[in-house]
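Engineer: The following block contains a protein sequence and its predicted model.
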Amino acid sequence: MSTIALDKGVRHGFSLAWRGILKIRKNPEQLMDVTLAPIVFLLMFTYLFGGALAGSTDAYLQMLVPGIMVMNLLQGSMTAGVQLNTDASKGVFDRFRAMPIARSAPLVGAVLADVVRYVVCILVLLVVATIMGYRVQTGPVELLVAVVLGIAFALCFCWASVFVGMLLKTPQAVQGMMFVLIMPLTFGSNVFVGTSTMPGWLKAWADISPVTLMSDTLRGLMNGGAYAGPLFGSLIWMVGAVAVFFPLAMWAYRRRV
């Protein structure tokens, strides 16, 4: 029965994911954060700080692009919680509850629909970075693996956004809370600078931060270099994020509906 229930939940989740994709097609403004944010951060940090931090903008761009990819994917993941909270506020979940679907389907569907947003984010980032002078130093296989890992990373941590979205009362509160949580996580990492320049207490955290580990993984895959160690640490964080926040999100969802 558990296998049947799992299969039912997955099928219903994909059905509702298609609903989310159709919403994006009818309202493309939902993609503004994953199209404009990568461009703004890439231009701003490369040309404002690249010369000071790396000696040249070209050298800094090679370090920055994989880290910016992780940062923007993580920021893009908070949209799922905001949209689910909006649906709950408008009574959409009342319709879901009356339908013969798995209880987890609305949450799973919202998370899976975000894959479209993540793909758009990566494409925009890589196109703009290439125009600015960034070059992938490895091959297409390594680049594809990096893209898949980045999307998987965002999907795993997306459950934190879903939990907050089901817990708080308004979309504005969800957005504010996720911003407060994500910004220290991304800036307290090696996305923009090496951890060796940080105070000891901050360096100790930044070295094991999920953002740092995934950034180093993507740098190894895209720029060349070792990535097995950071990848192992990233996978531990990803599994832990799902193990913690998926049950919490389901608990908050049942409590709300």
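Structural biologist: Received the coordinates, thanks.
Engineer: can we go C-alpha only for contacts and neighbour counts from here?
Structural biologist: Noted.
Engineer: Against residue 212, how distant is residue 194?
Structural biologist: Here the criterion is Cα to Cα, to the nearest Å. By it, residue 194 lies 10 Å from residue 212.
Engineer: Name the next helix or strand downstream of the helix or strand where residue 178 lies, please.
Structural biologist: Assigned by DSSP states H and E, residue 178 belongs to helix 171-187. Next in sequence after helix 171-187, counting helices and strands by DSSP H and E, comes helix 200-206.
Engineer: residues in contact with that following helix?
Structural biologist: Helix 200-206 is contacted by residues 188-190, 195-196, 212 when judged by Cα atoms under 8 Å, 6 or more residues apart in numbering.
Engineer: Name the member of the residues you listed with the most neighbours.
Structural biologist: With neighbours defined as other Cα atoms under 10 Å, the most crowded of the contacts of helix 200-206 is residue 212; it has 28 neighbours.
Engineer: The strand or helix carrying that residue vs helix 171-187, what angle?
Structural biologist: Secondary-structure element containing residue 212, defined by DSSP H and E: helix 210-223. Relative orientation of helix 210-223 versus helix 171-187 (axes from the mean of the first three to the mean of the last three Cα atoms, to 10 degrees): 60 degrees.
Engineer: Which strands and helices lie in contact with helix 210-223?
Structural biologist: In this structure, helix 210-223 makes packing contacts with helix 57-76, helix 140-167, helix 228-256, judged by 3 or more Cα pairs under 8 Å, 6 or more residues apart in numbering; DSSP states H and E.
Engineer: quick one: the second one to chain centroid distance?
Structural biologist: Think helix 140-167. Relative to the centre of its chain, helix 140-167 is centred 5 Å away, using Cα atoms, centre = their mean, to the nearest Å.
Engineer: counting contacts, what elements does that helix pack onto?
Structural biologist: Using 3+ Cα pairs under 8 Å, 6+ apart, helix 140-167 sits against helix 57-76, helix 78-89, helix 105-132, helix 171-187, helix 210-223, helix 228-256.
Engineer: can you check the longest one too?
Structural biologist: Under the contact criterion of 3+ Cα pairs under 8 Å, 6+ apart, helix 228-256 touches helix 140-167, helix 210-223.
Engineer: how about it: buried residues?
Structural biologist: 230-231, 233-235, 237-238, 241-242, 245-246, 248-250, 252-253 (16 or more other Cα atoms under 10 Å).
Engineer: could you list every residue that touches the closest residue to residue 192 other than its chain neighbours?
Structural biologist: By the measure of Cα to Cα, 6 or more residues apart in numbering, the closest residue to residue 192 outside its immediate chain neighbours is residue 64, 6.3 Å from it. When contacts are counted by Cα under 8 Å, 6+ apart, residue 64 touches 42, 46, 191-192.
Engineer: Against residue 125, how distant is residue 64?
Structural biologist: With the distance defined as Cα to Cα, residue 64 ends up 11 Å from residue 125.
Engineer: okay, and the common contacts of these two?
Structural biologist: Counting by Cα under 8 Å, 6+ apart, the residues touching both residue 64 and residue 125 are residue 42.
Engineer: quick one on the thing from earlier: so which of the helices and strands packed on helix 228-256 gets nearest residue 55?
Structural biologist: For these, distance to residue 55 was read as Cα to Cα. The smallest value, 18.1 Å, belongs to helix 210-223.
Engineer: For residue 176, state which of the contacts of helix 200-206 is nearest.
Structural biologist: Lowest distance from residue 176 to the contacts of helix 200-206 (Cα to Cα) belongs to residue 188, with 18.5 Å.
Engineer: can you pull the pLDDT of that closest one?
Structural biologist: The model reports residue 188 with a pLDDT of 90.
Engineer: Contact partners for residue 44?
Structural biologist: With Cα under 8 Å, 6+ apart, residue 44 has no contacts at all.
Engineer: Thank you, goodbye.
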